[in-house]
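Student: below are the sequence and a predicted model; questions follow.
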Amino acid sequence: MTNPEIVTLGYGFIADMHIKAAREVGVTTVGISGHNGDKALDFAQKNDIPYSTDDWKHLIDTTTADLVVVCTPNYLHYEQTIYALQQGKNVLVEKPAPLGDGLLHSCLFSGGVVHCWGWFDRGFIMVR
């Protein structure tokens, strides 16, 4: 794959970290969504992202990006991850992982998509 691209759902601290990390390894962020369209636009302009919207489903439906990065509040992870997987998108979701009723499992094994989640345990005393 040459010139990989991502879109990000969310425009907070974690989204900023993912976008910067992606940029460091040559991955371009081509779109961002957030519940507040003006804030999403401001974030996009500050980070040289060409597209922003307040409609995350539209972003997933229309993107040709290689990966959807879910960086929204926890309560949105399940719906957004399942939706992106059902649309045939590869997904990276921040913890907590959207585990639950088996729908995630069926999405993963119905097509050639990849799902993974960020899990930063190294800072917890019990893992050291």
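Tutor: Received it, and whenever you're ready, just let me know what you need. Numbers count the residues shown, from 1 in each chain.

Student: tell me the secondary structure at the residue nearest to Thr63 when sequence neighbours are not counted.
Tutor: Nearest residue to Thr63 in three dimensions, chain neighbours excluded: Val7, at 4.9 Å (CB to CB, 6 or more residues apart in numbering). In short, each C-beta sits where N, CA and C put it, glycine included. Secondary structure, DSSP: H, G, I helix; E, B strand; the rest coil: Val7 is strand.

Student: got a list of what Val7 touches?
Tutor: Applying CB atoms under 8 Å, 6 or more residues apart in numbering, we find Val7 in contact with 29-33, 59-60, 63, 65, 67-69.

Student: and which of these is nearest Gly12?
Tutor: Closest approach to Gly12 among the contacts of Val7 (CB to CB): Ile32, at 10.8 Å.

Student: check which helix or strand that closest one maps to.
Tutor: Per DSSP states H and E, Ile32 falls inside strand 28-33.

Student: okay, now Ile19: neighbour count?
Tutor: 23 (other CB atoms under 10 Å).

Student: am I right that it falls within a strand?
Tutor: No. With three-state DSSP as the criterion, Ile19 is helix rather than part of a strand.

Student: find me the pLDDT at it, would you?
Tutor: Ile19 is assigned 95 on the pLDDT scale.

Student: strands of the protein, residue ranges please.
Tutor: In order along the chain, the chain carries the following strands (DSSP state E): 5-9, 28-33, 52-53, 67-70, 91-94, 115-118.
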